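Q: Next one to model:
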Amino acid sequence: MAIEIGRIASKYQSSPCGRVSSSPPLSSRASDACLENTLPVATNEQEREKQQQQQQQEEQQHQRRQQQQQQQQQQRSPSPSPPPQQQQQHRHRQQLMSSDLARENTQIRVQRQLRRRSSTAGGAPVKVSAEITSTAVPASEVPSAVKTTINIGIAMNHVNDQENLKQLNLTPVQVNEVEEMDTQEETPNDGGGDTNESRPINGEQELTCIVQDQEMEEDEARSEATFRYTVENVSKMKESQLSPPCFVRNLPWKIMVMPRSSQTQERQTQKSLGFFLQCNGESESTSWSCSATADLRLLSCKEGQPPFNRKIQHLFYSRENDWGFSHFMTWQEVLDPDKGYIKDDSITLEVHVIADAPHGVCWDSKKHTGHVGLKNQGATCYMNSLLQTLYFTNQLRKAVYKMPTESDDSSKSVALALQRVFHELQFSDKPVGTKKLTKSFGWETLDSFMQHDVQEFLRVLLDKLESKMKGTCVEGTVPKLFEGKMMSFIKCKNIEYKSTREETFYDIQLNIKGKKNIYESFSDYVSTESLDGDNKYDAGEHGLQEAEKGVIFSSFPPVLHLHLMRFQYDPVTDCSVKFNDRFEFYEKINLDKYLQNKDPARGSADYTLHAVLVHSGDNHGGHYVVFINPSGDGKWCKFDDDVVSRCTKQEAIEHNYGGQDEDMSMAVKHCTNAYMLVYIRNSELENVLQEVKEEDIPQELVERLQEEKRLEQIRRKERTEAPLYMTINVLLEDSFDGHQGNDLYDPEHASYRVFRVRKQGTVHEFLELLSDSLRYPIEQIRVWPFSIRTNQTCRPTLIEAEADLQKSLYECADNANPWNVFVELVPPDSELTALPPFDKDTDVLLFFKLYDPKNKKIHYCGHHYMPVIAKVQELIPILNERAGFPPNTELALYEEIKPNLVEKIENLMDPLEKVLEELMDGDIIVFQKEGDNKKYDLPTCKEYFKDLFSRVEVTFCDKTIPNDPGFTMELSLRMSYDQMANAVAQRVGTDPYLLQFFRCQSYKDSPGSALKCNFEGNLKELFSYGKPKVKKLFYQQLSIRVNELENKKQFKCIWVGPSLKEEKEIILYPNKNGTVATLLEEAKKQVELSENGSGKLRILEINCNKLLPGPRDDVLLDNLNTSGTKMYRIEEVPTDELNLADDEMLVPVAHFHKDVFSTFGIPFFFKIKHGEPFPKMKERLLKKLGVQEKEFEKFKFAVVTMGKPQFIIESPDYCIDIADFQTHPNQSSTSPHRPWLGLEHVNKAPKRSRINYLEKAIKIYN
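A: Numbering: from 1, shown residues only. From the prediction side, this is the model:
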């Protein structure tokens, strides 16, 4: 029978489903209430009063019991905190008490509702019964696990179903109509048609929940449960039905059943039973998800006959909240009595569901497990798993707490960051972040998203901690916990000779390939290797000897880290792969037989499993979780990033063995398996897992972390309240000193006094704040807000004393945030008790600047109130006094109107209102001495501001340094090339003629064409219009003068030494009109030739790791093309290749692996001789390559012609034939199709895979 699996489409909406002759379930807390009462119906007023009195008495008794329980809880002493085991027992007692209380609540509520219904509606007595058999599954207080069966039924007439539900304050079950969960098209009349309200069905419905959990059946956070749903009148079922919920992981799970129709291959309509499992179906949230596996079963009515079952595995979320089978079984088979699934027109469906803790819902890890998780900030799940493992190594956690970090930088100290994470893991109720920890590592943003190897990260982190602990009270903690010792030995078989060396280790790498369990891997680790034949051991004076090589453990550490080598190099695929083979490990192991000598003081090497680090995925990535046995007592928890949940021992151990699907539980994918194990020695278990109490944490550390948290809360509060506040930047008069540009200050570089105030605060309240902060009376303060004029200048304006003082600050600021204001104060050396009055109608506020043409400087000279009718001449004495000039000094006055527009005031006898353009508060007068200033570069302030307007910030980047940030200089766009070169040379510290400049390309941020040193334009011509303010040029420092360089050609090529081991790039500068011969002469000046070499150089052409003869010496350099993949290489001609005989020739040689187009390494020319025996040629080739003889034996040789290899069959009789390597008569010797000698072997040079090309070695910088 074909089985289709899929999901229920979201287009179907929930609709009420008829109750199948059953009341809806009681609440989860009331699910095990023992009720068996026959409630008579009240027939008169007297009986109703008695019932009400009885009800009140029951409520009073219930309230008294609640008060007594609360008083007992309050009387318990809050400190010192009990140990974890007592805390767990206490939580368990509280759960039992709350369960008893829930039973009483439910019993009272149900009795009350039924009495009220009976007294008001009349009718026959109603019987409520519930049968409970419960036993908690193996907790410390309970010996065994027993099924819990809940059988709740209320006999009702189907006509009164809705009314009875309303009277009981219970709602009918809601269902989703269902679409077929496969790729087939929907067929008409499939029984799941339009959304309709299901009608009640006569009869009694029975709900049976069979629950198995570690703590209590009523625990809604349990990880698995089995529940049933009995459907009656199956033959008449038309609509979909939902069972009452069963809670697993705090989510409601329901059985969904419906009739379905589909077309067979013969295009006949076939009716089937649809069976699905729904999770959290009534939730409106879209952020939740829960991964689960389930066994869907149709139970048999015949004794001894197994159920018909199908298994599913699915990630349930809002759009796919149900999963199952559209055609679980054909309708004919369901109704066939001989099949044994139907009895009295009823079938019973059962689901056993195992669910992970959900994500995206209010899952309280602290409440359910006592522990919290770590947030995942990127591809760092491995780090989270490892941090949890180290955190539960309690002795290490104690040592980390005691590391002195009082003077450490909060953002750079790894020790402090780890203390912070451990402290939050111990005391926080929410998942803990690790961003501050990775920031303390000195990682870049990209680093935290690189999936590094966990073993590498563990070693680096432990090394860092060990170095941080040196010289402290906890020095030596890391080696004491994790360091073991092994003895490497080589023992000769035939003589008495043995070489040994003791080594330390922090972890052990176990090979799992072909190994059944952990003991076989340990046996493989200590197995000996025979050194014989060509691999004999050199025993010094004893010569080469047959020997055995191996290792034996001297001692195992208290905490044993075992790395299972799941990721290994596969020579078949030539890449790293993950091995998902089944590999068994055990909760208890004994390693005595792998020790060299037993240490009686330490006892047997018995170990208990403490943590299992698990990876799900392949070698390109995946997901990491860790299972930890925190107390070493067999009670396991699963840490999946920010979610922590309790789990069974089987989930933690057996489910992570690996292996193919048929070897495993249905709950685990075959790509999910353990890659690291942590064992703790039994004799050290109590010491390593010692309780970490609050008093074990230094008080100064606690206070520092609390202060950090307090400041973080303040910052968080500020961010929350930010919309209610605004920032006011206050500028005093000293803020204008030294400003050399337009207006009074530079907004980007000004020194503000910053005030954060409420937007609805008044101007008067702000004045009071200023008075208190600046220690000036209010009458000595006047506020002048800066405003942007229509000509784009920024000048102060007046706040009117009466009209504006009671306005809100945000209104006065015209919604500006931040708001810049100039605060005028009474001069400190003044005897004034208040600022002079200012009449906005008759007075104007003027600011003064003095220009010094000699030094090209602007000096701020204060401000002054002037009547608008005053003559300009009246300013002269004031300005001379401010500048320190004699009173009769002649001055030239200018008005600063806007950038690049400064006009001289010609008529000093005119009033200000006539002379100054649009006279307003905040106008600026620039003055200078009248006289002969033509000897200066910028003789007047008008010239100065014109030059200022043309100034821009130019960034200069070194062309030879990739991604060089460079340096920035402020230069004038009117500057010439020589002026720019001098300025940059002075900044770099070199001769301007040893600098060469390059334009920046317009379409990307990289060097463009070079600037000639005789460039006659100005700087403005080098930049495009419409670009940002900051311009960019590239430069490089030269070894020859730039004017000489411009007569030369820059030629980039590769130099290879005679060993053929290394290549390096060199840049040569031959004359532009030179030839290849002049290029080789230039190369001799830069390269180092061998002592006994020929001293002659040659140029070769390289394309795709294949070699061709280079151009002749007389070829002009202009004819050489280095575009695309072509590159030129220069090398010294070997002495044996200077002169070739008639029967000799040079053939190109290249390395390749499998495919001749996959060449690698350094190609070279090799001399062959016609008729030379092939073994002799191999000897010369081996000598030239300089590789090991054992490795060279793996090489295969092929003559490659036109891309096709012809492998050489090696034999002593085979001799070299030059004709095999000669080109076709129609082809030149420089043809890319020229035959070449291919060396086929594995490329062992380190390389980056396509996936991990960005990965780099992990490193903690701080």
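Q: how about the nearest residue to residue 404, chain neighbours excluded?
A: Excluding its sequence neighbours, the residue lying closest to residue 404 (C-beta to C-beta, 6 or more residues apart in numbering) is residue 472, at 5.8 Å. C-beta here means a position set from N, CA and C on the backbone, and glycine is covered the same way.
Q: element containing the closest residue to residue 1106 other than its chain neighbours, please.
A: Nearest-residue entry for residue 1106: residue 1150, 5.2 Å, with adjacent residues in sequence omitted and distances by C-beta to C-beta, 6+ apart. Under the criterion DSSP states H and E, the helix or strand holding residue 1150 is strand 1144-1153.
Q: Show me what counts as buried in that strand.
A: By 16 or more other C-beta atoms under 10 Å, the buried positions in strand 1144-1153 come out as 1145, 1146, 1147, 1148, 1149, 1150, 1151, 1152, 1153.
Q: The first one and residue 1206: what is the separation?
A: Just to be clear, that refers to residue 1145. Taking C-beta to C-beta, to the nearest Å as the measure, residue 1145 and residue 1206 are separated by 18 Å.
Q: And for the fifth one?
A: Computed as C-beta to C-beta, the residue 1149 to residue 1206 distance reads 15 Å.
Q: What of the last one?
A: Summarising the geometry, the distance separating residue 1153 from residue 1206, computed by C-beta to C-beta, is 17 Å.
Q: One more: the third one?
A: As judged by C-beta to C-beta, residue 1147 and residue 1206 stand 14 Å apart.
Q: The fourth one now?
A: When C-beta to C-beta is the yardstick, residue 1148 and residue 1206 sit 16 Å from each other.
Q: where's stretch 940-948 relative to the chain centroid, distance-wise?
A: The chain centroid and the centroid of stretch 940-948 are separated by 53 Å under C-alpha atoms, centre = their mean, to the nearest Å.
Q: for the record, mean pLDDT for that stretch?
A: Within the predicted structure, the mean pLDDT of stretch 940-948 is 89.
Q: buried set for that stretch?
A: 940, 941, 942, 943, 944, 945, 946, 947, 948.
Q: Stretch 510-524 now?
A: Of the residues in stretch 510-524, those buried by neighbour count under the rule 16+ other C-beta under 10 Å are 510, 512, 515, 517, 518, 519, 520, 521, 522.
Q: swap in stretch 624-640?
A: For stretch 624-640, the neighbour count (16+ other C-beta under 10 Å) marks 624-632, 635-640 as buried.
Q: Those in strands, which ones?
A: Restricting those to those inside strands, with DSSP state E as the criterion, leaves 624, 625, 626, 627, 628, 636, 637, 638, 639, 640.
Q: picking that back up, narrow the buried residues of stretch 510-524 to those in strands?
A: Applying DSSP E to those, the entries found in strands are residue 510.
Q: Looking at the buried residues of stretch 510-524, spot the one nearest residue 693.
A: Comparing these against residue 693 with C-beta to C-beta places residue 518 closest, at 34.6 Å.
Q: Might you report the residue contacts of the closest one?
A: When contacts are counted by C-beta atoms under 8 Å, 6 or more residues apart in numbering, residue 518 is found next to 510, 562, 583, 584, 585, 586, 589, 677.
Q: so the last one sits in a strand?
A: When you say that, I think you mean residue 677. Yes: checked against DSSP: H, G, I helix; E, B strand; the rest coil, residue 677 lies within a strand.
Q: contacting residues for it?
A: Neighbour list for residue 677: 518, 561, 562, 564, 585, 609, 611, 612, 613 [criterion: C-beta under 8 Å, 6+ apart].
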